[in-house]
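**Q** heads up, no residue letters with this:
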């Protein structure tokens, strides 16, 4: 069973995304901040990361910058899922190394199809 780390500081968003993934038979682990996400990824790497952008402390852009700089995590699929939804946000997220950028509120069909597309590559 594939394992996905969902990182979001809003508990309700974390739960919604997790439930969608669990219904698709995907194992979910959760983190509520960037620092914990990095620690979890380094200790037991998931198959994919769903990452919020706006978080206190280490934001999503800082997390992906750190992941892409580490040879052990540089190729880990990362999908941004954020309320920041301007064209500049999308471009910036993809330029930072995200594999995809989805806007909240999330469309569950688009979310699952995006996740499955990247999980099929690992």
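**A** Happy to help now that I have it. All of these numbers come straight from a predicted model, not from anything done at the bench. Residues are numbered from 1 along each chain as shown.

**Q** centroid residue for this structure?
**A** Averaging the C-alpha coordinates of the chain gives a centre point, and the residue nearest to it by Cα atoms, centre = their mean is residue 50 (1.5 Å).

**Q** thought that residue was touching residue 13?
**A** No. Using Cβ atoms under 8 Å, residue 50 is not in contact with residue 13; the gap is 10.2 Å. C-beta coordinates here come from the backbone N, C-alpha and C atoms, glycine included.

**Q** report all helices and strands that the host helix or strand of residue 102 contacts.
**A** Take DSSP states H and E as the rule and residue 102 turns out to sit in strand 100-103. In terms of contacts (3 or more Cβ pairs under 8 Å, 6 or more residues apart in numbering; DSSP states H and E), strand 100-103 is packed against strand 78-82, helix 87-95, helix 108-119.

**Q** quick one: residues in contact with the helix or strand bottoming out on mean pLDDT in the chain.
**A** Lowest on mean pLDDT, DSSP states H and E among the helices and strands of the chain sits helix 87-95, with a mean of 88. Helix 87-95 is contacted from outside by 53, 60-61, 64, 80, 82, 101, using Cβ atoms under 8 Å, 6 or more residues apart in numbering.

**Q** same thing with stretch 27-43?
**A** In contact with stretch 27-43 (Cβ under 8 Å, 6+ apart) are residues 1-9, 11, 14, 18, 21-22, 46, 49, 51, 55-60, 62-63, 66-67, 70, 72-73, 76.

**Q** can you give me the end-to-end distance of that stretch?
**A** 17 Å (Cα to Cα, to the nearest Å).

**Q** now that stretch: buried residues?
**A** Neighbour counts over stretch 27-43 (16 or more other Cβ atoms under 10 Å) mark 28-34, 37-38, 40-41 as buried.

**Q** likewise stretch 59-78?
**A** Buried-residue list, stretch 59-78, by 16+ other Cβ under 10 Å: 59-64, 66-68, 73, 76-78.
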